[in-house]
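Chemist: predicted coordinates and the sequence they were generated for:
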Amino acid sequence: MTTWRRLPERLFENMIDADALKNLPLLPRDEEGPVFAEPWQAQVFAVVVKLNEAGLITWKEWAEYLGSVIREAESRGEYDTGERYYEHWLMALERFAEKKNFAQSDELAQEKEEILARFNATHH
């Protein structure tokens with residue numbers, strides 16, 4: 001069983017309307033809001049929230065991107081129990097960034113490799 005830990009509350013003050021979270025049924029959360037197993041999960045969550053606040057994506061659009069990724073995973077027999085939820089967020093964010101020309105797939109792949117290399121260097 002995964003033990004979720006909450007990141008500091010100040011990270012989420014005034015970031016998102018609690019009612020908007022109710023429309024994300026798979027979002028790992030407790031009574032106070034979203035919870036995260038790893039810092040990167042909070043970061044990808046925060047990026048999407050900031051994109052919404054900047055008017056670059058609506059919650060309806062985000063639900064479409066995220067829903068598409070989740071449906072694709074389910075079509076491969078990968079049903080989310082909540083443990084891979086933020087991996088879906090990350091994939092949806094990558095697709096959004098590519099579609100809006102914020103980043104190209106080769107740039108995202110390179111960045112991902114660099115992040116993984118830094119992670120592996122500090123966790124081994």
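Modeler: Received it, and whenever you're ready, just let me know what you need.
Chemist: quick one: low-confidence residue ranges for the protein.
Modeler: 1-27, 108, 116, 119, 123-124 (pLDDT under 70).
Chemist: so which helix or strand takes in K112?
Modeler: Using DSSP states H and E, K112 maps to helix 105-122.
Chemist: contact partners of that helix?
Modeler: Here helix 105-122 makes contact (CB atoms under 8 Å, 6 or more residues apart in numbering) with 94, 97-98, 103. For glycine as for every other residue, the C-beta is placed from the backbone atoms N, C-alpha and C.
Chemist: what would the residues you listed look like in JSON lines with distance to N120, secondary structure and neighbour count?
Modeler: Below are these laid out as JSON lines (distance: CB to CB, whole Å; DSSP: H, G, I helix; E, B strand; the rest coil; neighbours: other CB atoms under 10 Å):
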{"residue": "E94", "distance to N120": "20", "secondary structure": "helix", "neighbour count": "20"}
{"residue": "A97", "distance to N120": "24", "secondary structure": "helix", "neighbour count": "17"}
{"residue": "E98", "distance to N120": "25", "secondary structure": "helix", "neighbour count": "14"}
{"residue": "A103", "distance to N120": "22", "secondary structure": "coil", "neighbour count": "16"}
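Chemist: list the residues that contact V69.
Modeler: So V69 contacts 88, 91-92, 95 (CB under 8 Å, 6+ apart).
Chemist: E74 - how many residues pack around it?
Modeler: Neighbourhood size, E74 [other CB atoms under 10 Å]: 11.
Chemist: do the same with Q110
Modeler: 12.
Chemist: and what of A109?
Modeler: By other CB under 10 Å, 12 other residues sit near A109.
Chemist: wait, what's in contact with the residue nearest to the spatial centre of the chain?
Modeler: Nearest residue to the geometric centre of the chain (CA atoms, centre = their mean): W89, 3.2 Å. W89 makes contact with 41, 44-45, 48, 66, according to CB under 8 Å, 6+ apart.
Chemist: okay then, goodbye and thanks.
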